[in-house]
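In: Got a predicted structure here, sequence first:
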Amino acid sequence: MGNIRFLVVPYTRGIGLDASNYEEVIWKRSLKVSDTSVFKDKALSYVFAAPNAISQKTLDEWWRILEVGGHLVLVIPHDLEYEQYMVKMPSWVMVENEVKITVESKSRLLVYKKLSSGKRLTRLREFDPNSALLIRYGGFGDMLQASSVIAGLKQQGWKVIANVTEKGRGILQADPNIDGWWMQDEDQVSNDNLENYWRALKERFGKIVNLSESVECRFLVPYHRPESNFSPEILRHHCAGNYNDYACDLAGIPRKNQLRFYPTADERAWAKSQRKKLGDVPVILWSLSGSSLHKAYPWTDNVIATLMLHSNAKVVMVGDNLCKLLEDGWVDEPRVIRRSGEWSIRETLSFARVADIVVGPETGVLNSVSMEADVGKVLMLSHSTEENLTRDWLNTHVLTPNVDCYPCHRLHYDFSYCRRDEETHGAACAVSIKPEDVHEAIDRLLNARGFT
């Protein structure tokens with residue numbers, strides 16, 4: 001199979017059939033079934049096959065079980081006649097037509113996308129020296145930080161293609177600096193195959209910028225890495241530096257923070273309408289929790305209670321479905337608007353741009369407005385430092401933990417290695433940030449905007 005599997009990643013996502021004679025299945029979740037009559041019409045997302053001969057009957061059957069929008073991926077001998085069969089197939093567009101040369105032989109890679117109507121051919125796939133593939137998987141914050149590098153590559157004149165999962169595309173989908181997508185599913189390519197995968201992609205693009213582990217592992221160390229055994233002093237020295245600077249260096253672009261979330265026109269209009277409903281009062285968006293256990297502030301209710309007494313501000317709480325539990329105490333307070341689990345991440349990030357102040361731990365929500373000068377930010381750090389994350393942020397008050405384990409520069413998945421406060425059961429770093437300091441930072445931003 002060689003590199004073929006890596007060159008067809010975007011076309012072999014979801015659940016599909018491996019109808020090849022290769023000993024190894026293309027992906028672990030691919031179905032290896034000889035009798036395709038077991039499948040209903042339009043049941044599969046792709047069919048991957050490597051036939052030495054083609055028959056109309058077999059093609060018709062593969063086409064039957066393929067959903068509209070799905071892909072028929074063929075690896076055939078380069079001199080095998082195929083046009084006479086495909087011309088009889090209804091409604092498709094050819095998206096790949098490439099001759100592959102291996103040590104043993106030449107083969108042709110063909111990919112047809114099933115349409116609801118029409119047919120269209122494309123020219124032979126060629127190496128594009130002007131294209132740059134930006135590789136980044138991860139959470140919302142990782143994607144937003146990648147937007148800075150994407151902008152820098154675009155300014156250098158590259159045609160930027162983003163290699164992401166659906167989660168990543170959900171964040172970056174309206175970024176005007178992205179020219180195309182190389183999509184893949186979560187864990188479609190196993191970790192032990194990633195190096196070979198990335199190496200194979202060099203055949204397609206003029207430049208590869210791989211931001212995998214550019215923050216995690218480099219600055220935030222998981223416990224399976226050798227660096228986790230460093231002393232705290234050595235680890236802090238090792239993890240010094242700025243996330244964006246390092247990513248720019250990897251990409252070969254000038255060090256400049258251009259992080260930005262791009263809402264669509266409809267999302268901008270929606271956010272403005274939501275903001276207008278809240279009236280002519282200061283609006284604070286509170287991000288309740290991030291992706292790790294230390295990215296939750298245990299004194300949130302204390303700060304909001306003080307705000308309710310001493311200002312006319314309204315607080316909009318956001319987070320995932322689990323964060324609904326953190327909203328329970330405010331059911332009867334009309335000035336606290338509870339939106340956890342109700343707003344999508346794109347709605348949340350769009351609204352953040354029209355809020356007066358955004359408060360929270362190290363989350364994608366705070367990252368999304370980091371370079372928006374008109375939005376005040378109050379950020380509670382946990383495992384990162386100001387130099388790492390917020391050095392270049394605009395209009396931001398940064399609060400650092402007052403515990404000797406900060407900054408730990410570690411990735412935490414549970415409390416096995418994260419110090420837990422016995423009273424609150426929260427992370428000690430988050431607990432150590434005093435609620436009066438958070439309130440003071442918010443108050444200063446309110447005063448700066450002319451609110452009293």
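Out: Arrived safely. Everything numeric here is computed off the predicted structure, so don't read it as measured data.
In: Isn't Asn130 up against Asp179?
Out: No. Between Asn130 and Asp179 there is no contact, the gap being 9.9 Å when judged by CB atoms under 8 Å. (C-beta placed from N, C-alpha, C; glycine too.)
In: Between these two, tell me which one has more neighbours.
Out: In this view Asn130 and Asp179 are compared by other CB atoms under 10 Å, and Asp179 has more residues nearby, 15 against 11.
In: quick one: the more buried one and Leu133, what's the gap?
Out: When distance is defined by CB to CB, to the nearest Å, Asp179 is 11 Å away from Leu133.
In: Can you check which residues contact both of those two?
Out: A shared contact of Asp179 and Leu133, defined by CB atoms under 8 Å, 6 or more residues apart in numbering, is any residue touching both; here these are Ile161.
In: contacting residues for the nearest residue to Pro407 once chain neighbours are set aside?
Out: With sequence-adjacent residues excluded and distances taken as CB to CB, 6 or more residues apart in numbering, Pro407 is closest to Thr385, at 4.9 Å. By CB under 8 Å, 6+ apart, the residues touching Thr385 are Ala240, Thr400, Pro407.
In: and Ile208, bridged to which residues?
Out: The bridge-partner assignment for Ile208, based on DSSP bridges, gives Leu133.
In: Can you give me the neighbour number for it?
Out: Using other CB under 10 Å, Ile208 is surrounded by 17 other residues.
In: didn't it look like it was pressed against Arg199?
Out: No. Assessed by CB under 8 Å, Ile208 is found out of contact with Arg199, at 9.1 Å.
In: His439 contacts Leu307, doesn't it?
Out: Yes. Contact between His439 and Leu307 holds when scored by CB under 8 Å: they sit 6.9 Å apart.
In: Same drill for these two, tell me which one is more crowded.
Out: Higher neighbour count among His439 and Leu307: Leu307, with 24 against 20, using other CB under 10 Å.
In: quick one: pLDDT of Asn21?
Out: The predicted structure scores Asn21 at 89 on the pLDDT scale.
In: Run through the residues that contact it.
Out: Listed by CB under 8 Å, 6+ apart, the contact set of Asn21 reads Ala50.
In: ok, it to Val8 distance?
Out: 17 Å.
In: cool, and Ala427?
Out: Taking CB to CB as the measure, Ala427 and Val8 are separated by 43 Å.
In: what does Lys28 give?
Out: For Lys28, the distance to Val8 - CB to CB - is 16 Å.
In: And the two? Which one has more around it.
Out: Set Lys28 next to Val8 and count neighbours by other CB under 10 Å: Val8 wins out with 20 against 9.
In: what about Val75, which SS state?
Out: With DSSP: H, G, I helix; E, B strand; the rest coil as the basis, Val75 sits in strand.
In: And for the closest residue to it other than its chain neighbours, the neighbour number?
Out: Sequence neighbours aside, Ala50 is the residue nearest to Val75 in space, at 4.2 Å (criterion: CB to CB, 6+ apart). Neighbours of Ala50 under the rule other CB under 10 Å: 19.
In: Phi first, then psi, for Ala50.
Out: Main-chain dihedrals, Ala50, degrees, to the nearest 10: phi -130, psi 70.
In: For it, give its distance to Val111.
Out: Remark: distance between Ala50 and Val111 (CB to CB) = 13 Å.
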